[in-house]
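Got a sequence here, can you build the structure:
(2 chains)
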There are 2 protein chains.
Amino acid sequence: MKIAIVGAGAMGSRYGYMLHETGNEVFLIDGWKDHVNNINNQGLIVEENGQIKKVKIPAMLPGDAVEIPDLAILFTKSMGLEAMLKSVKNILGKNTKVLCLLNGLGHNETLEKYVDSKNILMGVTLWTAGLAGPGHVVLSGDGSLEVQNIDPSMEVEAKEICDVLNKAGLKAHYSEDVIFSIWRKACVNGTLNSCCTILDCNIKEFGELKQAPQLIRNIIKEFSDVATKYGVELDVEKVANGIEAIYDPSQAGEHYPSMHQDLIQNHRLTEIDYINGYVSRKGKEFNINTQYNDLFTTMVHAKEQLLVK
Amino acid sequence: MKIAIVGAGAMGSRYGYMLHETGNEVFLIDGWKDHVNNINNQGLIVEENGQIKKVKIPAMLPGDAVEIPDLAILFTKSMGLEAMLKSVKNILGKNTKVLCLLNGLGHNETLEKYVDSKNILMGVTLWTAGLAGPGHVVLSGDGSLEVQNIDPSMEVEAKEICDVLNKAGLKAHYSEDVIFSIWRKACVNGTLNSCCTILDCNIKEFGELKQAPQLIRNIIKEFSDVATKYGVELDVEKVANGIEAIYDPSQAGEHYPSMHQDLIQNHRLTEIDYINGYVSRKGKEFNINTQYNDLFTTMVHAKEQLLVK
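Residues are numbered from 1 along each chain as shown, chains lettered A, B, ... in the order given. This next block holds a predicted model:
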């Protein structure tokens, strides 16, 4: 299958590599020039369990892509999605399936502006990856993903895509309700990312706070209230329990959430507008009280203004 | 006049020194042993405009005070007030006037448990001072204070106290509505202290945030809603404008608020329960929405748990 990885950072490089290894015709599209050049000049450096290999996969800047793939997997940052879709719309053919694996909420709304809904697949990935530098991806740990078509008539095609991903070892499951899974994952990000960022702590430290249980339930409650407008029923207590299981240091406890890494450690803008900010905006639209998400959105934006130069 | 300074940290030492210099019989009461010992062994070191003098003023631990003063000026930290009042209740005679100059809200309620309301004077001070070490106070800048009796029949006595303070150069004004002034000052602390603490920034940096205007108005609005229950009318816009005047670097702009100094710089507990926390508690009591103060109280307490060992 001809597959474009659109946004080939850490995760995109992982997916691209794994799909390339099982015989797919993969090409990587990314806006970071040094990354693209290094991949083309020396191959993608893949580091896994201390072993390094160099893999020949073509890479290009968004404007330079011309071939129309069977599948495009989107892995941009949330705030870069729309600009990327504009840059690559020439290669999104009328049969190109577009699988969106971004974190956060509302991306399907953006996608529908550029892609026929028949071709849109939404997904949630639990894989991880890191970049050691331009052209150098580091893989560790295990993962899986869920995929579903948003047009009910496209189930067969979505399952075919799952098969391709599975052959590459990506452990894809066809989901009966991927939108629920996206909301549930957004709750994890909407609590741990925002709280650890504003309090400047890791997940374990946050979990030990006596304020944590009530705080995450207050935030999740607002996600849940907004989610019902999209036909998604989130059980606040169940979602909270799922998050609390992550506090364990043997899980992700010692880990600083990605938003903390972005903003506090690397002084980069965050995805807050696609997590708490989305709930806050939709709260206003639907006249739902989302005071916790409003204030966390405000505070993270304030912190961005202080730290991002 | 015989005057006890109850809580003789930086500000108490300033007041004690200035009142001592104009012939009052002053003694300092404080719970910090090294501070008390240094003052007794070498005198209170007073540093002002680069000049240093040593001033003989008796100092003692709370339990060691026996003389009954005409006036006790309270300068403890908010959370230490009640314990201090218990420790010194033996020297609060039936004619001892007690002037409370603590920051924060609700101290009159605590005082009334230990002191006849006829003897209670409430005040707001705009002086500043710092401690360079135990027994060593640093004075800079100008100030003033407002004082008022809480029992309407005690106006003459309150004005006499004002005279004594004025003779010492403390620029005391008899206030017609000190409770209003206390609330207005609490709004300054309830916005700048909490926001600069959670965002880890100084007053100027906070003032430059595009989120600042709305954020302080949302917080002040809740102070105002609760204040009306105490017969205090705070005009949100006027209070906000007063706070915005402080952003100027020629005012306090480059300054980190005391709560930031306490918690972020020195890892000490804060007075949050007597500022935003008071509004939050009273909001619950009166069934008033105080969501901003609730969440800032929660976040500051969470930050205390992370930083105070």
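
For residue A:277, give me its contacts.
By Cβ atoms under 8 Å, 6 or more residues apart in numbering or on different chains, residue A:277 lies in contact with A:293, A:297. Quick note: C-beta positions are derived from backbone N, CA and C, even for glycine.

Could you say which helix or strand holds it?
Secondary structure assignment for residue A:277, by DSSP states H and E: helix A:276-286.

I'd like the mean pLDDT over that helix, please.
Throughout helix A:276-286, pLDDT has a mean value of 98.

Let's verify residue A:237: helix, strand, or coil?
Of the three states, residue A:237 takes helix under DSSP: H, G, I helix; E, B strand; the rest coil.

Apart from its chain neighbours, what residue comes closest to it?
Computed as Cβ to Cβ, 6 or more residues apart in numbering or on different chains, the closest residue to residue A:237 that is not its neighbour in sequence is residue A:217, at 7.7 Å.

outside of the helix or strand harbouring that neighbour, which residues touch it?
Take DSSP H and E as the rule and residue A:217 turns out to sit in helix A:212-227. Defining contact as Cβ under 8 Å, 6+ apart, one finds that helix A:212-227 is touched by A:183, A:186-187, A:190-191, A:194-195, A:206, A:209, A:233-237, A:239-240, A:243-244, A:276, A:279, A:282-283, A:286, A:288-293, A:296, B:298, B:302.

can you rerun that using 7 Å?
With Cβ atoms under 7 Å, 6 or more residues apart in numbering or on different chains as the contact definition, helix A:212-227 has outside contacts at A:183, A:186-187, A:190-191, A:195, A:206, A:234, A:236, A:239-240, A:243, A:279, A:282-283, A:286, A:288, A:290, A:292-293, B:298.

List buried members of those residues by neighbour count.
Taking 16 or more other Cβ atoms under 10 Å in any protein chain shown as the criterion, what is buried in the contacts of helix A:212-227 is A:183, A:186-187, A:190-191, A:195, A:206, A:234, A:236, A:239-240, A:243, A:279, A:282-283, A:288, A:290, A:292-293, B:298.

follow-up on the earlier one: distance of the residue nearest to residue A:237 from residue B:294?
Summarising the geometry, the distance separating residue A:217 from residue B:294, computed by Cβ to Cβ, to the nearest Å, is 14 Å.

neighbour-wise, which of those two wins?
Neighbours of residue A:217 and residue B:294, each counted by other Cβ atoms under 10 Å in any protein chain shown, are more numerous for residue B:294; the result is 22 against 17.

Tell me who's in contact with the closest residue to the more buried one other than its chain neighbours.
Excluding the flanking residues, the one nearest residue B:294 by Cβ to Cβ, 6+ apart is residue B:280, at 4.7 Å. Contacts for residue B:280 (Cβ under 7 Å, 6+ apart) come out as B:290, B:293, B:294, B:297.

Just those residues: which are in strands?
When these are checked against strands using DSSP state E, none is located there.

Save these as a markdown table, and put in pLDDT too.
Rendered in a markdown table, the data for the contacts of residue B:280 read as follows (pLDDT from 0 to 100):
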| residue | pLDDT |
| --- | --- |
| B:290 | 97 |
| B:293 | 97 |
| B:294 | 97 |
| B:297 | 98 |
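
tell me the two of those residues that are most distant?
Within the contacts of residue B:280, two members stand farthest from each other by Cβ to Cβ: B:290 and B:297, at 9.0 Å.

near chain B, which residues of the stretch 51-200 of chain A show up?
Residues of the stretch 51-200 of chain A found near chain B (Cβ under 7 Å from any Cβ of the partner chain) are A:198, A:199.

one more time with 6 Å, if that's ok
Among all residues of the stretch 51-200 of chain A, those adjacent to chain B (criterion: Cβ under 6 Å from any Cβ of the partner chain) are residue A:199.

where does the stretch 51-200 of chain A have low pLDDT?
Applying pLDDT under 70 to the predicted model, the stretch 51-200 of chain A contains no residue that meets it.

Name the residue of it that lies nearest to chain B.
Each residue of the stretch 51-200 of chain A has a distance to chain B, by Cβ to the nearest Cβ, and the smallest belongs to residue A:199, at 5.6 Å.

Tell me who's in contact with residue A:244.
By Cβ atoms under 6 Å, 6 or more residues apart in numbering or on different chains, the contact list for residue A:244 is empty.

now the helices for the stretch 1-150 of chain A?
Under the criterion DSSP state H, counting those that start in this stretch, helices of the stretch 1-150 of chain A are mapped to A:10-21, A:33-42, A:81-88, A:107-111.

Next one: residue A:235, what pLDDT does it get?
Reported pLDDT for residue A:235: 98.

got it, and the one 5 residues further on?
Note for residue A:240: predicted pLDDT of 98.

Where does it sit: helix, strand or coil?
Judged by three-state DSSP, the three-state class of residue A:240 is helix.

can you tell me which residues contact it?
A:216, A:217, A:220.

what's the helix or strand for residue A:250?
If you go by DSSP H and E, residue A:250 is not part of any helix or strand.

re the thing from before, dump the helix holding residue A:217 to CSV, restricted to CA.
What follows is the C-alpha trace of helix A:212-227 in CSV, where atoms were taken according to Å, rounded to 0.1, in the frame of the first residue of the first chain:
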residue,chain,number,x,y,z
ALA,A,212,-6.0,15.6,43.0
PRO,A,213,-9.1,13.4,43.3
GLN,A,214,-11.6,16.3,43.4
LEU,A,215,-9.7,18.3,40.8
ILE,A,216,-9.6,15.6,38.1
ARG,A,217,-13.3,14.8,38.8
ASN,A,218,-14.3,18.4,38.4
ILE,A,219,-12.4,18.7,35.1
ILE,A,220,-13.7,15.3,33.8
LYS,A,221,-17.3,16.2,34.8
GLU,A,222,-17.1,19.2,32.3
PHE,A,223,-15.7,17.0,29.6
SER,A,224,-18.5,14.6,30.2
ASP,A,225,-21.2,17.3,30.1
VAL,A,226,-19.9,18.6,26.8
ALA,A,227,-19.4,15.0,25.4
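
what mean pLDDT does it have?
For helix A:212-227, the mean per-residue pLDDT is 98.

And that helix, what's buried?
Taking 16+ other Cβ under 10 Å as the neighbour-count basis, helix A:212-227 is seen to contain the buried residues A:212, A:215-227.

what is the orientation angle of that helix with helix A:276-286?
Helix A:212-227 runs at 50 degrees relative to helix A:276-286, counting by axes from the mean of the first three to the mean of the last three Cα atoms, to 10 degrees.

Next up, identify which helix or strand residue A:160 is on.
Counting by DSSP H and E, the element that carries residue A:160 is helix A:155-167.

From the contact counts, what lies against that helix?
Helix A:155-167 sits against strand A:145-149, strand A:172-174, with contacts defined as 3 or more Cβ pairs under 6 Å, 6 or more residues apart in numbering or on different chains; DSSP states H and E.

roughly how far is the helix or strand just after the last one from the heart of the chain?
If I follow you right, that is strand A:172-174. Per DSSP H and E, the first helix or strand lying C-terminal to strand A:172-174 is helix A:178-188. Put simply, helix A:178-188 sits 11 Å off its chain's centre (Cα atoms, centre = their mean, to the nearest Å).

buried ones in the next helix or strand after helix A:178-188?
The C-terminal neighbour of helix A:178-188 among helices and strands, as given by DSSP H and E, is helix A:194-199. In terms of neighbour count (16+ other Cβ under 10 Å), helix A:194-199 has its buried residues at A:194, A:195, A:196, A:197, A:198, A:199.

same question, stretch A:119-138
Taking 16+ other Cβ under 10 Å as the neighbour-count basis, stretch A:119-138 is seen to contain the buried residues A:119-125, A:127-130, A:135-138.

No further queries at this time; thank you.
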